[in-house]
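S.K.: Show me how the following folds:
(chains A and B)
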Number of protein chains: 2
Amino acid sequence: MNGEFDLIDLIVTTLGTTATRDGVVVGPGDDAAVLALPPDHELVVSTDSLVADRHYPAGACADAIGYRSLAVATSDLAAMGAQPAYATVALTSPELAADWAKRYAKGLAQAAQAFGMAIVGGNLARGPETVTVTVFGHVPRSTAIIRSGARPGHTLYVTGALGGAGLALGDETLSECSLAALEPSSTDPASPLARYWKPQPRIAVGVDLRGVASAAIDISDGLSADLGHLCRASALDCDVDLARLPLCPGAEPAVAASAGDDYELAFTAPPELRDAVRDIAGRTGVAITPICTVRESTGAGVRWFRDGTAVNVAAGFHHF
Amino acid sequence: MNGEFDLIDLIVTTLGTTATRDGVVVGPGDDAAVLALPPDHELVVSTDSLVADRHYPAGACADAIGYRSLAVATSDLAAMGAQPAYATVALTSPELAADWAKRYAKGLAQAAQAFGMAIVGGNLARGPETVTVTVFGHVPRSTAIIRSGARPGHTLYVTGALGGAGLALGDETLSECSLAALEPSSTDPASPLARYWKPQPRIAVGVDLRGVASAAIDISDGLSADLGHLCRASALDCDVDLARLPLCPGAEPAVAASAGDDYELAFTAPPELRDAVRDIAGRTGVAITPICTVRESTGAGVRWFRDGTAVNVAAGFHHF
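M.R.: Down below sits the predicted model:
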């Protein structure tokens, strides 16, 4: 190893064909990447940082960090109904060892393969361990799903099941868990450790929700916090009964409602599109659960109930 | 201040109109930004991290960091001949104070204004102070300038003057320098401190070089290192006489040849396009200096000479 350029070569080599795909005009290795988008589409972009010891345990397996870092950013594209296409990755590390970099790139490549994305560039610098991933997707013009489109009377839905990743935080093997240990052959893909390290952004659901959902949001900071954002953006209130939440096995409802790290979507749709939503669940194989109806805001915001009694639910993950 | 969301609001408010411009369909505040590109254009993207105490002095003025962080990333777009349009910003900070965030956003907005860009999204997290900026530009299809297009006999040029930012590293006021102290009314815009904190990416030159330059590279890691990258990518060698380098006042040639932080471009063009290059210098007001002719590689790479004698020049900035 001879400095950053050899390391970059190693990473690009490890990425292999995931550094190229249709539409990559210039990939890694120049000043910037050059990318094609389909005609009459808009670009959708989001950026996410993971800081060691804050967003994942310090010393965790590099391949798991690689997978997770792309998945969490891509979930924001899914929430917009975008088709993910490209990503750039900025790594800072106190001393980026070749072994660590190679394993990180392997996990990243596995995620890129799973999501149909190309890693088109990045940056490498000495510094405290942090990973910043910027993802690029596209939508046909004017079809992106935003937070503010929900209307009174629309049904609020949640994809998948909640609370799984939250359970993983209490698992003492969390930081020793490599991707190999999470292969479906040996581990239930819905297990807490798999939910934490290999989140499955709801890409296909998001794409199918174009023209169906009136608003959508990624609930990675916890349903309680992110539902608040959606309701504020749309000027709506809602009451949620904890018993309606779809839960991972072993998850406690009030904890699952506030735990972050579930890369599921919450979205609204007009009641007359109920069958269209059901069809999307059938086509994608992802559970979609209606949890309440939103109504015009009187300032109450999101309220939580258990057996008809109002309960407090914590406000979700704080990045500060 | 009530956590990250208030801080994000403060930053977006401070950005003001630099968070919106033509083509921003959805700006900050949703899961992702939605952006339009001109038809028949390709997307050009680059990402750059600045780590406190490595890429700038810890404790430096936040507005200066803001300006510099956008400028250094945008220089990579200029090197591709791209028109800069949008950026996202991921900040990590041990305790992001409102005052710091507001000053950072002010500097960022000033740079965005200067470069015609919109800040369309970002991420905020607790962590060691690091700024990662991802920039998005566009070029008409198939016009991006890459590193590998130079041919034997082409002339190698450098924009602007070298060594200014390197001189600033020895200035003990570097970390106390705010943008206000660098206003052209009080300070020469070519002064070392201004060159360091307010680099001017060569956007107009880059755009005009489409169809003229055969290859181009941003020389922010130092001319010696980056010329090596260009020559390797194009399979060429060159001999450079230090006396040919355009220098900032006070800069020593061998130091200027290796010092990083000059956000100038090196590019090649066929000798018959000499007048076109001269016209670009006239139109943009940026000095463009021919420094040598590149030739087919025999493995010698880039060699440096002073008064006809070969000299060693250091290899430039290492991020590791």
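S.K.: C-alpha only now, for contacts and for neighbours.
M.R.: Noted.
S.K.: Show the contacting residues for the residue nearest the centre of chain A.
M.R.: Residue closest to the mean C-alpha point of chain A, counted by Cα atoms, centre = their mean, is residue A:75 at 2.7 Å. Going by Cα atoms under 8 Å, 6 or more residues apart in numbering or on different chains, residue A:75 touches A:200, A:201, A:202, A:203, A:218, A:263, A:264.
S.K.: Can you show me the strands along chain A?
M.R.: A:24-26, A:33-35, A:41-51, A:83-93, A:118-126, A:130-140, A:155-159, A:215-218, A:236-241, A:265-269, A:288-293, A:295-296, A:302-306, A:309-311 (DSSP state E).
S.K.: Excluding chain neighbours, what is closest to residue A:28?
M.R.: Nearest residue to residue A:28 in three dimensions, chain neighbours excluded: residue A:121, at 4.6 Å (Cα to Cα, 6 or more residues apart in numbering or on different chains).
S.K.: What residues does that neighbour make contact with?
M.R.: Shown here is residue A:121, whose contacts under the criterion Cα under 8 Å, 6+ apart are A:27, A:28, A:29, A:32, A:33, A:87, A:88, A:89, B:46, B:47.
S.K.: of the residues you listed, closest to residue B:269?
M.R.: Looking at these and their distance to residue B:269, the nearest is residue A:32, at 19.9 Å (Cα to Cα).
S.K.: circling back: quick check: bridge partners of the residue nearest to residue A:28?
M.R.: Assessed by DSSP bridges, residue A:121 has beta-bridge partners residue A:88.
S.K.: quick one: it from residue B:76, how far?
M.R.: When Cα to Cα, to the nearest Å is the yardstick, residue A:121 and residue B:76 sit 12 Å from each other.
S.K.: what sits in contact with each of those two?
M.R.: Overlap between the contact sets of residue A:121 and residue B:76, as judged by Cα under 8 Å, 6+ apart, is given by A:32, B:46.
S.K.: Determine the number of other residues adjacent to whichever residue of the stretch 151-300 of chain A sits closest to chain B.
M.R.: Taking Cα to the nearest Cα, chain B has its nearest neighbour within the stretch 151-300 of chain A at residue A:217, 6.5 Å off. For residue A:217, the number of neighbouring residues by other Cα atoms under 10 Å in any protein chain shown comes to 29.
S.K.: picking that back up, out of the contacts of residue A:121, which is most surrounded?
M.R.: residue A:32 (33 neighbours).
S.K.: What about residue A:191, how many residues nearby?
M.R.: Residue A:191 is flanked by 17 other residues according to other Cα under 10 Å.
S.K.: In contact with it, which residues?
M.R.: With contacts defined as Cα under 8 Å, 6+ apart, the neighbours of residue A:191 are residue A:164.
S.K.: Where does the prediction get shaky in the stretch 101-250 of chain A?
M.R.: Along the stretch 101-250 of chain A, the parts satisfying pLDDT under 70 run over A:184-187, A:189.
S.K.: circling back: let me see the confidence value for the residue nearest to the centre of chain A.
M.R.: Among the per-residue scores, residue A:75 holds a pLDDT of 98.
S.K.: ok, now the one 3 residues further on?
M.R.: According to the model's per-residue confidence, residue A:78 sits at a pLDDT of 98.
S.K.: Which positions in the stretch 101-250 of chain A make contact with chain B?
M.R.: The stretch 101-250 of chain A comes close to chain B at residues A:121-128, A:132, A:134, A:144, A:146-147, A:217-218, as judged by Cα under 8 Å from any Cα of the partner chain.
S.K.: ok so, going back, in TSV: the contacts of residue A:75, plus distance to residue B:241 and neighbour count.
M.R.: Formatted as TSV, the entries for these read as follows, by distance: Cα to Cα, whole Å; neighbours: other Cα atoms under 10 Å in any protein chain shown:
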residue	distance to residue B:241	neighbour count
A:200	56	23
A:201	55	24
A:202	57	25
A:203	55	23
A:218	57	31
A:263	57	31
A:264	60	25
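S.K.: now, which of these lie within helices?
M.R.: Of the positions in the contacts of residue A:75, residue A:203 sit in helices, assigned by DSSP state H.
S.K.: From the contacts of residue A:75, pick the one nearest residue B:276.
M.R.: Proximity of these to residue B:276, judged by Cα to Cα, is greatest for residue A:203, which lies at 48.0 Å.
S.K.: thinking again about what came up before, most neighbours per residue, which of the strands of chain A?
M.R.: Comparing the strands of chain A by mean neighbour count (mean count of other Cα atoms under 10 Å in any protein chain shown), strand A:215-218 comes out on top with a mean of 30.
S.K.: Pull the residues that contact it.
M.R.: Residues from elsewhere that reach strand A:215-218 (Cα under 8 Å, 6+ apart): A:75-76, A:78-80, A:145-150, A:226-227, A:230, A:263-269, B:31.
S.K.: try 7 Å
M.R.: Around strand A:215-218, the neighbours that count as contacts under Cα atoms under 7 Å, 6 or more residues apart in numbering or on different chains are A:75-76, A:79-80, A:145-150, A:226, A:230, A:263-268, B:31.
S.K.: Over to stretch A:39-54?
M.R.: Stretch A:39-54 is touched from outside by A:58, A:69, A:73, A:76-77, A:82, A:129-141, B:32-36, B:88, B:90, B:121-123, B:127, with contacts defined as Cα under 7 Å, 6+ apart.
S.K.: If we use 6 Å, what do you get?
M.R.: Contacting residues not belonging to stretch A:39-54 are listed as A:58, A:73, A:129-141, B:32-36, B:122-123 [Cα atoms under 6 Å, 6 or more residues apart in numbering or on different chains].
S.K.: and if you look at stretch A:170-180?
M.R.: Looking at what lies outside stretch A:170-180 - Cα under 6 Å, 6+ apart - the contacts are A:57, A:60, A:61, A:64.
S.K.: taking these one by one, which sit in helices?
M.R.: Using DSSP H to define helices, the subset of the contacts of stretch A:170-180 located there is residue A:64.
S.K.: What is the nearest of the contacts of stretch A:170-180 to residue B:308?
M.R.: The nearest member of those to residue B:308, counting by Cα to Cα, is residue A:61 at 53.7 Å.
S.K.: Number of residues surrounding that closest one?
M.R.: Here the number of neighbours of residue A:61 (other Cα under 10 Å) works out to 20.
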